[in-house]
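In: all I have is the shape, not the residue letters:
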Ligand SMILES: Nc1ncnc2c1ncn2[C@@H]1O[C@H](COP(=O)(O)OP(=O)(O)OP(=O)(O)O)[C@@H](O)[C@H]1O
Ligand SMILES: [Mg+2]
């Protein structure tokens, strides 16, 4: 199969890189070098992934899917847990939460026959769920740390009124889960009206009929919504306890 | 006060922020806690309902080490009022019922009773706390702690952000509830005049220690330590 965008055409993308580079030069933003390198890095990464996926798709379904999912989950949990530095065992917790989410979503997809157990379906779909969960977990961890600082007075007040840590931190868990959900609620309201979601765009460009493409988009959008809410909830419900000691007292989390 | 019942007692307390703390709190009294910023006043209060624990020493409540009480019960008995920023998001009633609901004993009428104590109209129960004035918020924070029917009440600078009228009101509430609704009060204040108006006894804290303690009017009139004398002089110059 010949590539649909030729190498020559790809080459002219250089103009899209030169624009921010010249702007950076013109306004002395000092970003020229990093724009160049990050573009190069992005392009290289994508080509490598392209070859890797081609290889994985050629493998037996179970092998290809397991390898890729493992890599994606490990990278995602390492990245998300950075935001939770200072919280004990945050890496392993993040990892387990993403594994749970992925298995749950996968079970739904396969169980109800939404997609087939083939690398070319499971991997891209899972990638979107894992990527979005990664962002949601990172934000939840970050928010948890800042909320425990900002709302310290409220939590201490709750404890002093007799609340146990799990009761006192409900005040925050509510806020954190809500803030993870809001962007998705808003996003779903305008979905397709302002910009066509990435996956649907891809399918349409690839020749899939729009009315088919939206079905995949609906599956993925709702899957992301569920996983994002669930991952923010799980990670907060698991991690709140590290902000308290055994005597139901608040302990400060120190960043390394 | 000498032969009255001791309700709380601290013996040889040491922590990172406190040193050699010894005192008794008697039934029926208000103790005012004064001293320069950073002296350890808030840190001391936090030990009394175990929001923090000392490194050494013993604190008793009704002749029993506070560590022997079930935590939730201790914190209900030894209540603490914070500044109004500690109010929870939601309505006045959400705030007032927070403590009692933890023990499954809230009823709407209790809310009305509490609002009466702090002289706010009963229809305030359904108001969002964001809509309240600073003084009203502070009164709700006070009522929220009273909702648990505490035996001892700890207050940390609860009037420092209020105007004169609200300060007067809060002081009146404190005098009203002692000794029938609450058996003893320990309050931190940076206002020496207030310490004098409310206190039966006063503790002066300086550099992690209780540098001086005694009968309020006597102690403030005739300070024995140099540090208290200096502190009182500064206070009068500031006009506080
Ligand atoms: N959470 C904390 N962790 C570490 N140190 C603290 C903490 N809170 C207070 N400190 C320090 O402990 C000392 C005593 O603080 P504390 O809040 O008890 O003083 P204070 O007498 O209440 O002062 P103020 O009148 O300003 O409220 C101060 O040096 C303060 O910086
Ligand atoms: Mg203080």
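Out: Nice, thanks for sending it over. The structure displayed is predicted, hence computed values, not measured ones. Numbers count the residues shown, from 1 in each chain, chains lettered A, B, ... in the order given. Ligands and ions are numbered 1, 2, ... in the order given.
In: can you classify residue B:12 by secondary structure?
Out: With DSSP: H, G, I helix; E, B strand; the rest coil as the basis, residue B:12 sits in strand.
In: residue contacts, the nearest residue to residue B:130 once chain neighbours are set aside?
Out: Spatially, and ignoring its direct neighbours in sequence, residue B:130 is nearest to residue B:89 (7.8 Å; Cβ to Cβ, 6 or more residues apart in numbering or on different chains). Any C-beta I mention is one placed from the backbone N, CA and C, and that applies to glycine too. Shown in contact with residue B:89 (Cβ atoms under 8 Å, 6 or more residues apart in numbering or on different chains): A:171, B:129, B:130.
In: just give me the least confident of the residues you listed.
Out: Ranked by pLDDT, the contacts of residue B:89 bottom out at residue A:171 (87).
In: what about that one, neighbour count?
Out: Residues lying near residue A:171 (other Cβ atoms under 10 Å in any protein chain shown) number 19.
In: and the helix or strand encompassing it, does that touch chain B?
Out: When secondary structure is defined by DSSP states H and E, residue A:171 falls within helix A:170-190. Yes - contact of helix A:170-190 with chain B (Cβ under 8 Å from any Cβ of the partner chain) involves residue A:171.
In: by contact count, what packs against that helix?
Out: Judged by 3 or more Cβ pairs under 8 Å, 6 or more residues apart in numbering or on different chains; DSSP states H and E, the packing partners of helix A:170-190 are helix A:119-150, helix A:152-160, helix A:210-239.
In: Serialize those to CSV and add fields for mean pLDDT.
Out: CSV is the format used below for the helices and strands packed on helix A:170-190 (pLDDT from 0 to 100):
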stretch, mean pLDDT
helix A:119-150, 94
helix A:152-160, 95
helix A:210-239, 94
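In: thinking again about what came up before, tell me which helix or strand comes right after the helix holding residue A:171.
Out: Using DSSP H and E, the next helix or strand after helix A:170-190 towards the C-terminus is helix A:198-205.
In: residues making contact with that following helix?
Out: Residues contacting helix A:198-205 (Cβ under 8 Å, 6+ apart): A:124, A:128, A:192, A:196, A:210, A:212, A:213, A:214, A:216, A:217, A:220.
In: what residues are up against the fourth one?
Out: If a contact means Cβ under 8 Å, 6+ apart, then residue A:196 has residue A:204 as its contacts.
In: what pLDDT does it get?
Out: pLDDT, residue A:196: 81.
In: how about the residues of chain B near ligand 1?
Out: Within chain B, the positions near ligand 1 by Cβ under 6 Å from any ligand atom are B:17, B:35, B:37, B:38, B:39, B:40, B:41, B:42, B:43, B:190.
In: hang on, residue B:151 packs against residue B:78?
Out: Yes - the pair residue B:151 / residue B:78 is scored as a contact, 7.0 Å apart, by Cβ atoms under 8 Å.
In: in terms of neighbours, single out the busier of these two.
Out: Applying other Cβ under 10 Å to residue B:151 and residue B:78 shows that residue B:78 carries more neighbours, namely 26 against 18.
In: list the buried residues in stretch B:153-172.
Out: Going by neighbour count (16 or more other Cβ atoms under 10 Å in any protein chain shown), the buried part of stretch B:153-172 is B:153, B:154, B:155, B:156, B:157, B:158, B:159, B:162, B:166, B:167, B:169, B:170.
In: hang on, the fifth one packs against residue B:170?
Out: In this case it means residue B:157. No - contact criterion Cβ under 8 Å: residue B:157 and residue B:170 do not qualify, at 11.3 Å.
In: if we can go back for a sec, I'd like to know which of the contacts of helix A:198-205 is nearest to ligand 1.
Out: Set against ligand 1, the nearest of the contacts of helix A:198-205 by Cβ to the nearest ligand atom is residue A:128 (42.2 Å).
In: is residue 95 in a helix, a strand, or coil?
Out: Defaulting to chain A. Following three-state DSSP, the label given to residue A:95 is helix.
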